[in-house]
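>>> Predicted model and sequence below, questions to follow.
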There are 2 protein chains.
Amino acid sequence: MTAQFQPSRRTFVKTVSAGLAAGIAAGGFHSSKVARGDQKKSLGVALVGLGSLSTKQIAPALQKTGNCHLAAIVTGTPEKEQLWASKYNIDRAHIYNYESFDKIVGDDAVDIVYVVLPNSMHEEYTIRAAKAGKHVFCEKPMANSVAECQRMIDACKSADRQLGIGYRCQFDPHHQKCIEMARSNEFGTMRLIDAGFGFKIGDPKQWRLNKQLAGGGALMDVGIYALQACRYLTGEEPISITAQETKTDATKFAQVDESITWTMKFPSGVMAQCATSYNFSGMNRFRAYSDNGFIQLDPAYSYTGIQGESSKGPIKFDQVDAFQLELQDFANCILENKKSRVSGEEGLKDLKVIEAIYESIRDGKTIVTS
Amino acid sequence: MTAQFQPSRRTFVKTVSAGLAAGIAAGGFHSSKVARGDQKKSLGVALVGLGSLSTKQIAPALQKTGNCHLAAIVTGTPEKEQLWASKYNIDRAHIYNYESFDKIVGDDAVDIVYVVLPNSMHEEYTIRAAKAGKHVFCEKPMANSVAECQRMIDACKSADRQLGIGYRCQFDPHHQKCIEMARSNEFGTMRLIDAGFGFKIGDPKQWRLNKQLAGGGALMDVGIYALQACRYLTGEEPISITAQETKTDATKFAQVDESITWTMKFPSGVMAQCATSYNFSGMNRFRAYSDNGFIQLDPAYSYTGIQGESSKGPIKFDQVDAFQLELQDFANCILENKKSRVSGEEGLKDLKVIEAIYESIRDGKTIVTS
């Protein structure tokens, strides 16, 4: 975002004094919750960025969540205002653009700001939302760097607000079952995970191919799913990372990574080999090999149609809406004052690995992370 | 092998003069074939090393080959002599041990020597067999180093004999169909192959865990299948290789590699990520992702039960005995004076990559091979 969208310090002080100050003055999380209406049964969500994900997945999910609901929208596209207002019955008072966004501080209908913007804007809007006294849910990747993630965490901590990241797979029962089997050593000691996620990206002009907006390419956008899978299956952080990049279309992928393969070693001895690409589809899986068996999801990361299998047979659950579940969980964490399992700290850990992957590619060597 | 098994130069000269000289004097491949009986309908095979593979796979296969047959055995275990002689009706005159092996030069019943010994002995017995005027078929890995492979190739070339390597998968119709689909771009440009083969190795005292005999561990023994798959699916040689080793049992795997993951880049842009292990089973597969689809075998490298699938549906063939087919093909190549597709040069190419993998592990860097 450009500087003109930033509230001046004067504006900030003023808006803070209008709404947030009460919570801060009340001295902490519990008190501010009470002071700010977190104990209502359904929390209001302001969606920031009304692109495809918000339109097709998040807004519909928010019709089913129960403990939270779509209460406000933030969009830079005037035509979308009326469309969304009528479709979701949103009053003018709860419609913001990027200039007016900070006024949300005074909007008691909004408890949670869900940031669904290009990656490079996550930091700014998370911090602005936190400063406006709102809890923040932010799409993955959390940001473009560890430093940005840290500032987001700090801002939410300072404002005594929760920060969650949109790692919806952690709310899908197939993934949850795999995590449970992996962590309980259902098939003995885990040895190797192979995980990959890629797709053939279309429009060469989209923000995902713009380094300034996206921070990176396939790795940032979908490789992160494979990385997450390795981390939540093992419950560990990698200790060494080796990565390679392959570029076959230097025009389309002039700014961002087209395809990356990387290997990670975990403290317990688990190896992981991962791949991501913006240049072919069909790779959407993980398989974890243990001494006496395997667990696998393939496809693993899709909105629908996840299929699982282990050495014991199919891993099968009814279709869920993982967006609905992640939002219900986040609202519940706020209402019950519990920390989200998909916290900002969790998002930062992924960025730490992503930075190591890019570093390994740049320097042509293995990066030892701890 | 220890020095006592080596024929002295004097012995060699004598045995050569007895049998091989005629062929050499006749001046070349075609003539020597005629002089040495290669035009008989079924070629005689001498099996060198009567371990599990020879017992359970190769000898039974040789009962079905038609154009070649089990004609002689070479074993260091006297008890096996009688057992095999009676089971396969082999006359005493065609039974050798490692001391008497070079006398095979005068055994007209033997056209092909099949070396099924520990890896470190492949070079010696290939060269001795070639010097005895026999064609040589040698189990994989061809040898422990590129230098050994080159000397084996040179010896067979000097003796005007064929050299083939036991890459049986290349004779399985599932693999052949995958190669055909891959090379014809059935699903568009190939982008990534992921391939792995491992098993939980048993007896800690076996030769496969002895560096001097085996040359290396999982990579040499089964990782080579995944490497082969990447090479024959692409039809290319890798241009860069990055590898990591993981060791969780430093006692059992004190001398050789337990688990290795490695990545290869091919000239056309295909990436490959591979894994091998002696410490867990169940990884026995490849999947090749192209622009519009995938091809996969899983399990891929087993003696029986190979299962294939592509984006178009199952890849299904009747069960074959790949040992039978590889031997039939090798005999046929000799009878028709054609070069084997699984030549010594092919075996050397794998060793070149294997050496690069070990070098990458040792030096902690990417090895650029061309």
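Thanks, I have it. Small disclaimer: the values here were computed from a predicted structure and weren't measured.

>>> Beyond the lengthiest strand in chain A, next helix or strand please.
Assignment by DSSP state E gives strand A:190-198 as the longest strand of chain A. Going down the chain from strand A:190-198, the next helix or strand is helix A:211-214, by DSSP states H and E.

>>> Give me the contacts around the next helix-or-strand element following that next one.
Moving toward the C-terminus from helix A:211-214, the next helix or strand (DSSP H and E) is helix A:218. Outside of helix A:218, the residues within contact range by C-beta atoms under 8 Å, 6 or more residues apart in numbering or on different chains are A:G198, A:I201, A:V256, A:D257, A:E258, A:S259, A:I260, A:T276, A:S277, A:Y278, A:N279. (Glycine included, C-beta is placed from N, CA and C.)

>>> what's the closest of those residues to A:I239?
A:I260 (19.3 Å; C-beta to C-beta).

>>> on that earlier part again, by contact count, what packs against the longest strand of chain A?
Strand A:190-198 is packed against helix A:224-234, strand A:271-277, strand A:284-290, strand B:190-198, strand B:259-265, strand B:271-277, with contacts defined by 3 or more C-beta pairs under 8 Å, 6 or more residues apart in numbering or on different chains; DSSP states H and E.

>>> one step back: among the contacts of helix A:218, which one has the most neighbours?
Most neighbours among these, by other C-beta atoms under 10 Å in any protein chain shown: A:S277, with 31 neighbours.

>>> Surely A:Q307 touches A:N284?
No. Contact criterion C-beta atoms under 8 Å: A:Q307 and A:N284 do not qualify, at 10.1 Å.

>>> how is chain A carved up into domains?
If you go by automatic domain parsing, the domain ranges for chain A are A:3-168, A:173-317+A:345-368.

>>> Quickly note the distance from A:I90 to B:D318.
Taking C-beta to C-beta, to the nearest Å as the measure, A:I90 and B:D318 are separated by 64 Å.

>>> With A:M283 instead?
Going from A:M283 to B:D318 by C-beta to C-beta gives 30 Å.

>>> do the same with A:T242
Counting by C-beta to C-beta - A:T242 and B:D318 are separated by 42 Å.

>>> Tell me the bridge partners for the residue nearest to A:T246 when sequence neighbours are not counted.
With sequence-adjacent residues excluded and distances taken as C-beta to C-beta, 6 or more residues apart in numbering or on different chains, A:T246 is closest to A:S259, at 4.6 Å. When bridges are called by DSSP bridges, A:S259 pairs up with A:T246, A:S277.

>>> I'd say A:S259 and A:N279 touch.
Yes. Using C-beta under 8 Å, A:S259 makes contact with A:N279 at a distance of 5.8 Å.

>>> Mind listing the shared neighbours of the two?
With C-beta under 8 Å, 6+ apart as the test, A:S259 and A:N279 both reach A:G198, A:A218, A:T248, B:R191.

>>> ok, the closest residue to the third one other than its chain neighbours - contacts?
In space, not counting the residues next to it along the chain, A:T248 is nearest to B:G269; the distance is 4.1 Å by C-beta to C-beta, 6+ apart. The contact partners of B:G269, by C-beta under 8 Å, 6+ apart, come to A:T246, A:T248, B:T189, B:R191.

>>> and B:G269, helix, strand or coil?
coil (DSSP: H, G, I helix; E, B strand; the rest coil).

>>> do the helix ranked longest in chain A and chain B meet at all?
The single longest helix within chain A, with elements called by DSSP state H, is helix A:344-363. No. Using C-beta under 8 Å from any C-beta of the partner chain, helix A:344-363 never reaches chain B; the gap is at least 9.3 Å.

>>> what helices or strands is that helix leaning on?
Other elements packing on helix A:344-363 under the criterion 3+ C-beta pairs under 8 Å, 6+ apart are helix A:146-158, strand A:163-165, helix A:224-234, strand A:240-246, strand A:259-265, strand A:367-368.

>>> the more surrounded of A:I90 and B:D318?
Using other C-beta under 10 Å as the criterion, A:I90 and B:D318 rank with A:I90 on top: 19 against 5.

>>> for that one, phi and psi?
Per-residue torsions, A:I90: phi -110, psi 130 (degrees, to the nearest 10).

>>> residues touching it, list them.
The neighbourhood of A:I90, defined by C-beta under 8 Å, 6+ apart, consists of A:L70, A:A71, A:A72, A:I73, A:W84.

>>> Measure how far stretch A:345-353 is from the centre of its chain, please.
Computed by C-alpha atoms, centre = their mean, to the nearest Å, the chain-centroid distance of stretch A:345-353 equals 11 Å.

>>> outside of it, which residues touch it?
Contacts of stretch A:345-353 (C-beta under 8 Å, 6+ apart): A:138, A:140-146, A:148-150, A:153, A:165, A:167, A:224, A:227-228, A:231, A:237-238, A:241, A:264, A:369.

>>> Can you tell me which of those residues are buried?
Listed as buried from the contacts of stretch A:345-353 are A:138, A:140-146, A:148-150, A:153, A:165, A:167, A:224, A:227-228, A:231, A:238, A:241, A:264, A:369; burial here means 16 or more other C-beta atoms under 10 Å in any protein chain shown.

>>> near chain B, which of these show up?
Near chain B, by the rule C-beta under 8 Å from any C-beta, you find none of those.

>>> Could you pull up the residues touching A:K339?
Here A:K339 is in contact with A:Q162, A:C333 (C-beta under 8 Å, 6+ apart).

>>> and it, that's in a strand?
No. Counting by three-state DSSP, A:K339 is not part of a strand but coil.

>>> how about it, phi and psi?
phi -80, psi 140.

>>> near chain B, which residues of the stretch 251-370 of chain A show up?
A:259, A:261, A:263, A:265, A:269, A:271, A:273, A:275, A:277, A:279-280, A:282-283, A:289-291, A:293-294, A:311, A:364-366.

>>> again, only this time at 10 Å
Neighbours of chain B within the stretch 251-370 of chain A, by C-beta under 10 Å from any C-beta of the partner chain: A:258-266, A:268-277, A:279-283, A:285, A:287, A:289-294, A:298, A:311, A:360, A:363-366, A:368.

>>> Below-threshold pLDDT in chain A: ranges please.
A:1-39 (pLDDT under 70).

>>> And the strands in the stretch 51-200 of chain A?
With DSSP state E, counting those that start in this stretch as the criterion, the stretch 51-200 of chain A has strands at A:68-74, A:95-96, A:112-115, A:135-138, A:163-165, A:190-198.

>>> could you measure the closest residue to chain B within the stretch 51-200 of chain A against A:D221, distance?
Distance from chain B to each residue of the stretch 51-200 of chain A (C-beta to the nearest C-beta) is smallest for A:R191, at 4.2 Å. Note on A:R191: its distance to A:D221, by C-beta to C-beta, is 29 Å.

>>> Compare those two (neighbour count), which wins?
For A:R191 versus A:D221, neighbours defined as other C-beta under 10 Å are more numerous around A:R191 (28 against 24).

>>> For the spatially closest residue to the more buried one that is not a sequence neighbour, the count of nearby residues, please.
Closest residue in space to A:R191, ignoring its immediate chain neighbours: B:F280 at 4.2 Å, by C-beta to C-beta, 6+ apart. B:F280 sits with 24 neighbouring residues when counted by other C-beta under 10 Å.

>>> ok, now which ones touch B:F280?
A:187-192, A:289-294, B:198-200, B:248, B:258-259 (C-beta atoms under 10 Å, 6 or more residues apart in numbering or on different chains).

>>> Recalculate using a threshold of 6 Å.
B:F280 is in contact with A:R191, A:Y289, A:D291, B:G198, B:K200, counting by C-beta atoms under 6 Å, 6 or more residues apart in numbering or on different chains.

>>> any idea how far the nearest residue to A:Y88 once chain neighbours are set aside lies from A:V45?
Distance criterion C-beta to C-beta, 6+ apart; nearest residue to A:Y88, sequence neighbours excluded, is A:L70 at 5.3 Å. Counting by C-beta to C-beta, the gap between A:L70 and A:V45 amounts to 6 Å.
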